[in-house]
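Below are the sequence and a predicted model; questions follow.
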Amino acid sequence: MISEHIPALQVVVPLLAAPICFMILNNRMAWLFATLVSWLSFAMAIMLVMEVKDGTVLRYEFGGWAPPWGIEYSVDILNAYVLLIVSGIAAVVFPYSWKSIQKEIPESHYRIYFTAMLLCLAGLLGMTITGDAFNLFVLLEISSLSSYTLISLGRDRRALTASFQYLIMGTIGATFILIGIGLLYALTGTLNMADLAVRIPPLEGSRTLEAAFAFLIVGFGLKLAMFPLHLWLPNAYAFAPSAVSAFIGSTATKVAIYALLRFLFTIFGTKFSFDYMQVHWLLMPLAVVSIMFASIVAVFQDGIKRLLAYSSVAQIGYMLLGISLVNVTGLTGTLLHLFNHALMKGGLFLTLGAVAYQIGNTRVKSVAGLGQAMPFTMGAFVVGALSLIGVPLTVGFISKWYLILATLEKGYWPLTVLILISSLIAVVYTWRIIETAYFQDRPADAPPVSEAPLSLLIPAWTLIAANLYFGINSSLSTELASSAATMLFGGNL
Amino acid sequence: MSSINLLIDIVLLTMLVFTTIAIVRSRSLFAIVMLSGIYSLLSANIFIILDAVDVAFTEAAVGAGISTVLMLATIGITGYEQKKRRTISWIAPMVVVVITGAVLVYGTLDMPAFTDPSAPIHQHVAPRYINDSPTEVGIPNMVTSVLASYRGYDTMGEVIVVFAAMIGVFSLIGIREKKSEPIHAEPPARPILQVMAKFMIPFIILFALYVQFHGDFGPGGGFQAGVIFSVAIILYTLTFSQQDAMKLVPPWVLKRLASIGVLIYGGTGVVSMLKGGNFLDYSVLAHDPIHGQHYGILIIEFGVGLTVACAMMLIFFAFISRGDKNP
């Protein structure tokens, strides 16, 4: 009986857990409760993946009203895959949070932190699972408002400006998305995604449809930090509390990419998006510029979190590049990179959280000598960095391999060269940190440091180990990603 | 559309444009807040012309009402004048705005005409809402039917948006409760205002309750009622003192109630799940599906009203407990 409600519970459980968490007076209890909820969501996501792996689509009608009159959730292989990423990262970051926030957030704000984390998790899961365009917007608002809150909790006062900047940019993005959805509603009279997909193709040539398309692309472009709309991202990731950087950095932009894919492929359809609007000729140059520009900027950063944030902009560039190749291999690369990038950036930000816990900041200079003082933490960082570069046996290699194959398949060899060059730049910017950590001595006047506590190391190493595991045994992620990509290109499984 | 409506539309939209220009040009935050209130009131009027009275009511209560009060409380903290800042280039923003506007105009050129009865917006999902909601949901106000039942899950999301906003305010500024040292050492006696407020508050609360429970039949519902209710307490706070108001409605109670409001809404969904329906399927709540819908809508609207009222009061308390920079 309960299993048929899993699609709804996937979102409703964390959503209703948030007000309950706000009422729990004991901080530790609030944390345990939130952690339990995050594990429950992860378990539900695994169950959903199991059920839709063979290509079945699960539907859930809210209020018992059939779509398009009511709101439906529809789970296919693509969004089950994204649900798995989001809830999986949450299941690692929530337990990590307790120790990490003790040095970053005042004790009076713990409850607010966990409530906002639950809201953010529910919002992101809801955006992913929903089959209704307006419902996506509502859940987008929940996830955005809670991310602004979470970022503003950062210790540095600049977190407030960063959060405000993100709020303004994010709100503009959300407004654009709302205008786009509104125009689609005016044209079709429906908000249901599957119904929109049926009613849009005959409208090709309508200017309103073109305008809706443009607004949605720019709106999601802002949310996913597509160059040159990425300006909010570096500060937001750099000044947020460590656990928040790890969670938002590895999930929020992924969900925005998912939403973009859903609109491009399912709602507008490949024929309209690529044959008629030729959107890949917009995405490709932007992707190329963001890969090169953000990688180079990352080299010159003093703060490691900021450096990784710029690297994220470059990684988003890879994902957009995969979409712009308009072939199944490229899209598989994009989807794999959603998964893999979440693992590597999640792992790296968690590692940095452990560094911040022990030495109070994460500037490149400050990690001098930590290779000896914190061997497990810095070891995790090295593995994460190798994955970011794309060394074989790590997940980074798998997604780059698919992207390179896709560029070759298309015969766009300059893009192949681009991917290789940008990987070399990634070597440069990660090497700066590793060199400082292992080959420079800690200043004599610096206070002694010891290894980070296990409650931080275990979650960090969990994600780092996943980088290796899915790098060696990539069958789960590649299977899911390639069947999702085939499905998006219209091939029924 | 009759020509008188057209004339009213043109006048209202023109006023809207002038209000916007005035907001952009003004440097006085106080004037900007007031102009924003006027902007919302004008929008509410336009919604009335469009026959969207529910939307108009919400816009008037939220946009012109509580937002203005909250923004006034904010500039109480920040000061009334915008700081002088170095002039920033207006070219880039102008280009963005012009392009956005151009795309919008381009997009509306062949949009289905506004009153065209054959437009898809009137042909696809709307007929069922209009024709069947009285028999399926059983309440006369079809806007409430759509909002609370057909698309009740979105409305739950919107309540959680209010809740999330409240969490956001608490993360930035908590409510300062200085019992020993009141913010106004001696609450100034304002006999006329206080008597008038005491006279008005019961009626405001009564009206809030009317809006709350009349939502099934006419414009209204939990969002508007919650806002109106909170305005009664805000009026009390302004004319008496924050200490008095917080004695009347202690913040710790409000915080719980705001959470409970969300849980009442969500709990209704969980109960309908337990009774064998889908989440938020009110039909299973009673033997007769129509009764079930009635109960469901009544309960969730109560949850909405509770959360909105408490969240608004708390946000207001948070702002004014920061003190007033303007003597």
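That came through fine. Since the structure is predicted, the reported quantities are computational estimates derived from the model, not experimental observations. Numbering: from 1, shown residues only, chains lettered A, B, ... in the order given.

Which residue ranges of chain A form strands?
For chain A, applying DSSP state E gives strands covering A:58-61, A:72-75.

Any buried residues in the last one, and which?
The neighbour-count criterion (16 or more other CB atoms under 10 Å in any protein chain shown) identifies A:Glu72, A:Tyr73, A:Ser74, A:Val75 as the buried residues of strand A:72-75. Glycine gets a C-beta too; all of them are placed from N, C-alpha and C.

Same question for stretch A:205-215.
Neighbour counts over stretch A:205-215 (16+ other CB under 10 Å) mark A:Ser206, A:Arg207, A:Thr208, A:Leu209, A:Glu210, A:Ala211, A:Ala212, A:Phe213, A:Ala214, A:Phe215 as buried.

Tell me where the stretch 1-150 of chain B has helices.
In the stretch 1-150 of chain B, the helices defined using DSSP state H, counting those that start in this stretch lie at B:3-25, B:29-49, B:53-58, B:67-78, B:91-109, B:120-123, B:126-136, B:142-144.

Counting by contacts, list what the second one packs against.
Using 3 or more CB pairs under 8 Å, 6 or more residues apart in numbering or on different chains; DSSP states H and E as the contact definition, the elements that helix B:29-49 packs against are helix B:3-25, helix B:53-58, helix B:67-78.

ok, back up a step: could you dump the helices of the stretch 1-150 of chain B to a markdown table with mean pLDDT and mean neighbour count?
Listed next are these as a markdown table, based on pLDDT from 0 to 100; neighbours: other CB atoms under 10 Å in any protein chain shown:
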| stretch | mean pLDDT | mean neighbour count |
| --- | --- | --- |
| helix B:3-25 | 91 | 12 |
| helix B:29-49 | 94 | 18 |
| helix B:53-58 | 90 | 20 |
| helix B:67-78 | 88 | 18 |
| helix B:91-109 | 91 | 12 |
| helix B:120-123 | 87 | 16 |
| helix B:126-136 | 89 | 14 |
| helix B:142-144 | 89 | 21 |
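
just for the stretch 101-250 of chain B, where's the confidence low?
Along the stretch 101-250 of chain B, segments meeting pLDDT under 70 span B:177-188.

now the helices and strands packed on helix B:29-49 in CSV, with distance to A:Asn340?
CSV is the format used below for the helices and strands packed on helix B:29-49 (distance: least, CB to CB, whole Å):
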stretch, distance to A:Asn340
helix B:3-25, 46
helix B:53-58, 45
helix B:67-78, 44
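
of these, which approaches B:Met34 most closely?
Among the helices and strands packed on helix B:29-49, the nearest to B:Met34 by CB to CB is helix B:67-78 (7.3 Å).

With just CA atoms, put the closest one into CSV.
Presented in CSV, the C-alpha positions along helix B:67-78 are these (Å, rounded to 0.1, in the frame of the first residue of the first chain):
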residue,chain,number,x,y,z
SER,B,67,4.3,44.5,2.5
THR,B,68,4.1,48.2,3.0
VAL,B,69,4.0,47.8,6.7
LEU,B,70,7.0,45.4,6.7
MET,B,71,9.0,47.7,4.4
LEU,B,72,8.3,50.6,6.7
ALA,B,73,9.5,48.5,9.6
THR,B,74,12.6,47.8,7.5
ILE,B,75,13.4,51.4,6.7
GLY,B,76,12.9,52.0,10.5
ILE,B,77,16.2,50.0,10.8
THR,B,78,18.0,51.3,7.7
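
TSV for the helices of the stretch 1-150 of chain B, including distance to A:Tyr96?
Conversion of those to TSV gives the following (distance: least, CB to CB, whole Å):
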stretch	distance to A:Tyr96
helix B:3-25	45
helix B:29-49	42
helix B:53-58	41
helix B:67-78	35
helix B:91-109	39
helix B:120-123	48
helix B:126-136	47
helix B:142-144	44
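
What is the neighbour count of the spatially closest residue to B:Leu147 that is not a sequence neighbour?
Leaving aside its sequence neighbours, B:Leu147 sits nearest to B:Thr155 (CB to CB, 6 or more residues apart in numbering or on different chains; 5.4 Å). Counted by other CB atoms under 10 Å in any protein chain shown, the residues lying close to B:Thr155 total 24.

and the angle from the helix or strand harbouring B:Thr155 to helix B:67-78?
Assigned by DSSP states H and E, B:Thr155 falls within helix B:152-172. Inter-element angle recorded for helix B:152-172 and helix B:67-78: 10 degrees (by axes from the mean of the first three to the mean of the last three CA atoms, to 10 degrees).

A:Thr351 against A:Gly379, yeah?
No - with contacts counted by CB atoms under 8 Å, A:Thr351 stays clear of A:Gly379, the gap being 9.1 Å.

near chain B, which residues of the stretch 151-300 of chain A?
Counting by CB under 8 Å from any CB of the partner chain, the positions of the stretch 151-300 of chain A adjacent to chain B are A:152-153, A:160, A:179, A:183, A:185-190, A:199, A:206-208, A:210-212, A:214-215.

7 Å instead, please
Residues of the stretch 151-300 of chain A lying close to chain B by CB under 7 Å from any CB of the partner chain are A:152-153, A:183, A:185-190, A:206-208, A:211-212, A:214.

The residue nearest to B:Ile139 when sequence neighbours are not counted: what's it in contact with?
Spatially, and ignoring its direct neighbours in sequence, B:Ile139 is nearest to B:Asp216 (4.2 Å; CB to CB, 6+ apart). Residues near B:Asp216 by CB atoms under 7 Å, 6 or more residues apart in numbering or on different chains: B:Ile139, B:Pro140, B:Asn141, B:Thr144, B:Ile297.

between those, which is nearest A:Gln358?
The nearest member of these to A:Gln358, counting by CB to CB, is B:Ile297 at 54.5 Å.

give the contact list for the residue in the stretch 101-250 of chain B that chain A sits nearest to.
Nearest residue of the stretch 101-250 of chain B to chain A (CB to the nearest CB) works out as B:Gly107 at 2.5 Å. By CB under 7 Å, 6+ apart, the contact set of B:Gly107 is A:Leu183, A:Arg207, A:Thr208, A:Ala211, A:Ala212.
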